[in-house]
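In: Got a predicted model here, sequence first, then my questions.
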Amino acid sequence: MRQLIKPLNKGDASVVEVPAPTPKPGEVLVATAASLVSAGTERATVEFANKSLIQKARSRPDLVKQVIEKAKRDGVLTALDAARSRLSEPIALGYSSAGSVISVGRGVSRFSPGDRVACAGAGFATHAEVVSVPENLVAKLPDSVDYEAGAFVTLGSIAMHGLRLSGPQLGETVAVIGLGLVGQIASQLARSAGCRVLGVDPDPRRGSRALALGCEAVFSDGTGLEEYILANLEIRGVDRVLICAATPTSGPVELAGKVARDRGSVVAIGDVGLDIPRRLYYDKELEFRVSRSYGPGRYDSQYEIEGRDYPAGYVRWTENRNMQAFVDLIGLGEIKTEPLVTHRFPIADAAKAYDLLSPKAKEPSLAVLITYEGNPSTEPRMDLKPASIAATSVDRVNVGMLGAGEFAKSTLIPAMKKTASVELVGVCTTTGLSASQAGQKFGFAYSTTDESDLISDSSINTVVIATRHNLHARQVVAAIEAGKHVFCEKPLALNANELREIILANGSQEGQTRQMLMVGFNRRFADMAQKMQAFFSDISEPLVMNYRVNAGYIPSDHWTQDDQIGGGRAIGEVCHFVDFLGFLSGSLPISINASALPNGSRYNNDNLALVIEYENGSVGNIVYAANGSTTMSKERIEVFGGGRSAILDDFRRLELMGHGNKKTYKSRLKQNKGHQGEWSALAAAMLSAGEPPIAFEELVATSLATFSALESLQTGLAQPIDTRSFIQDATDEKRVGE
């Protein structure tokens, strides 16, 4: 299918071929008939993308600070690699469209194939022939509303939410500052709500449109509006002011304060400066609010992505209900969109639409529509290389990649490419653009949005799983049962039941050529980690180990913090450090005791102190903190035993001390956390049919330790860990069931 994109670091907007998306649970697959270019939001995106690196840095000093801190912590080259990886990503343009439903994902109940719908959401309702959109970002179109009108749904919902925040009542007067697309729609909505509407915009063409669509009067500047108010309004001010302009200055905010009546309200919908003149707003006791997009639910992943609606009795107008109300008003004839349309482009020529957003554009524009005709391709797979190049060999590690997020693209896939015996065959992501971009960038033979393409591909002998954590266990089991080797990014599972399923799948290979299972515990394969472990390998007494992690804050609404999706940080990230201490001690954990700071509203069991005991008597302490300074190094490991000590600081500096001697290893420019080492070890083991780089029972032990840590937090007691019994019990349950 075709999709419109814009490179973030260079180049013009272009239409590219990408695999069609496959609807996930809770999503609706839609064949797009029309999509709307948002002049304000998309112009800002394009302008940022077209800036030089220095200009980008000046406009986003917060991001520059992050890069500098990363360079200090992880090394200059590591920070530059991460920045380059992000800047190489293309942007999927568009967030407002309409079309017909092709199919629905599991759990969708409100829509069926053939339904006519309007869609919203950046990253979902893009300028593409086929889109997959979460159910709460889809609204049904009335029979009387065509697709072009339905494509206005996002802009209409933004205007509607802003108007609602202002609290208009019948007979009041509303001033709209800025008569761009949102301002034009807001004016019509205010008129439909029974209000008198006055407008301000320096462009006479926009003013004429607003007058034709119901504005009582329109002015080119604030002076004309103020004079009209004095001559025609008894209360000497408007009741509500909607700021729909887009400017870095605070002029519209000042004008709003001048024209609003005593105790009136002002709502900023557009992206404007927010320097509020206090005396002006104080004297009138004005209410000032900033409108956040298109209603309650926006930016709430539980609402938008997971489909958890808010009860109407408590939240009457969610973003989805705003969307539905807007298209219903179009159907009733209260809102007219056709007079706002200035340009139409077929998807093949869609890149031309963005020429109109340039400051150098020679013709004015308002609503720009992209149209789609014919039956779009819904094929989830796209070949990127000729078949002869895609052919694979049995003496190679032939990789099918599930997931290609930022970590995979910046770290994991580059490590695989540097491993001589690895062949990149197929890559699968949930969106066609990310699959195509990763496939082309790294040289995969094909890209797809359907994971079964990889699982069933006989030319693939190794499946790499880098998806969200809640998918790991199911995908691991499916890959093992398909006879593939498996590399799974941590964690292996989110709970004991998932872990049992993996044990059963792994054990079912008995009597056959065993498929290798590996988890991405990369730290143990770092050069300095190997030196550290070897330094203590010949002593006979237990070790005392201390691992301090300055993890940094992650908001509680981030997907990794969701117990059902990410598992929380104890399971999703602390597993790294549990594995590393097990590697150093050469022993399995037998108990764990966990403590945590009170969570409150800011934290989610991500300020932890763990004490782990091992079979050989070693003791490990893990201090995992989310409340520290980002300028401090992230990881520091201290180990003591047999008259020796060692300190590993952020995998860039290692000190080995013993018997009066001290040896120091340093890496100034680049951090080495073992990603390349783990792939070299894995490939060698696969091709030689040797033992896995990490024993299966060690993988199970690490997962059990993190599960037990959460139990310890709940009970306040140390929890035993019996890895071998857990594996045996899971195997016995299978045999009894058979």
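Out: Yep, that arrived. Residues are numbered from 1 along each chain as shown.
In: Where does pLDDT dip in the chain?
Out: Under the criterion pLDDT under 70, the flagged ranges of the chain are 9-11, 40-88, 387-394, 508-514, 734-738.
In: Please identify the residue most distant from the middle of it.
Out: Going by Cα atoms, centre = their mean, the residue of the chain most distant from its centre is A231, 52.4 Å out.
In: what's the helix or strand containing that one packed up against?
Out: Following DSSP states H and E, one finds A231 within helix 222-232. Judged by 3 or more Cβ pairs under 8 Å, 6 or more residues apart in numbering; DSSP states H and E, helix 222-232 is in contact with strand 196-200, strand 217-219, helix 251-259. Every C-beta, even on glycine, is put in place using the N, C-alpha and C of the backbone.
In: okay, those, which one's buried deepest?
Out: Ranked by mean neighbour count, the helices and strands packed on helix 222-232 are led by strand 196-200 with a mean of 26 (mean count of other Cβ atoms under 10 Å).
In: Tell me which strands it pairs with, and in which orientation.
Out: Strand 196-200 has the following strand partners under DSSP bridges: strand 173-177 (parallel), strand 217-219 (parallel).
In: For A408, which of the helices and strands packed on helix 222-232 is the nearest?
Out: helix 251-259 (43.4 Å; Cβ to Cβ).
In: Roughly how far does the closest residue to S291 other than its chain neighbours sit from G270?
Out: Using Cβ to Cβ, 6 or more residues apart in numbering and skipping residues adjacent in sequence, the residue nearest S291 is G162, 3.9 Å away. According to Cβ to Cβ, to the nearest Å, G162 and G270 sit 9 Å apart.
In: Comparing these two, which residue is more hemmed in?
Out: G162 (29 against 21; other Cβ atoms under 10 Å).
In: Mind jotting down where the strands sit in the stretch 501-650 of the chain?
Out: For the stretch 501-650 of the chain, strands defined by DSSP state E, counting those that start in this stretch occupy the ranges 517-519, 544-550, 589-596, 608-614, 619-625, 635-641, 644-649.
In: buried stuff in the lengthiest helix in the chain?
Out: The longest helix of the chain (DSSP state H) is helix 696-715. The neighbour-count check on helix 696-715 (16 or more other Cβ atoms under 10 Å) flags 696, 698-710, 712-713 as buried.
In: What helices and strands are in contact with whichever helix or strand comes after it?
Out: Downstream of helix 696-715, the next assigned helix or strand under DSSP H and E is strand 719-720. When contacts are defined as 3+ Cβ pairs under 8 Å, 6+ apart, strand 719-720 sits against strand 589-596, helix 696-715.
In: and after strand 719-720, which helix or strand comes next?
Out: helix 723-737.
In: how far does that following helix sit from the chain's center?
Out: 38 Å (Cα atoms, centre = their mean, to the nearest Å).
In: Compute the inter-axis angle for that helix and helix 696-715.
Out: Counting by axes from the mean of the first three to the mean of the last three Cα atoms, to 10 degrees, helix 723-737 lies at 100 degrees to helix 696-715.
In: Wasn't Y281 part of a strand?
Out: No: read with DSSP: H, G, I helix; E, B strand; the rest coil, Y281 is helix and lies in no strand.
In: separation between it and I243?
Out: From Y281 to I243 the distance is 13 Å (Cβ to Cβ).
In: higher neighbour count, the two?
Out: Applying other Cβ under 10 Å to Y281 and I243 shows that I243 carries more neighbours, namely 30 against 18.
In: on that earlier part again, closest to L499 out of the helices and strands packed on strand 719-720?
Out: helix 696-715 (5.3 Å).
In: Check which residues of the helix holding A231 are buried.
Out: 222, 225-226, 228-229.
In: Check which residues of the longest strand seen in the chain are buried.
Out: Ranked by residue count and defined by DSSP state E, the top strand of the chain is strand 27-37. Buried residues in strand 27-37, defined by neighbour count with 16+ other Cβ under 10 Å: 27-37.
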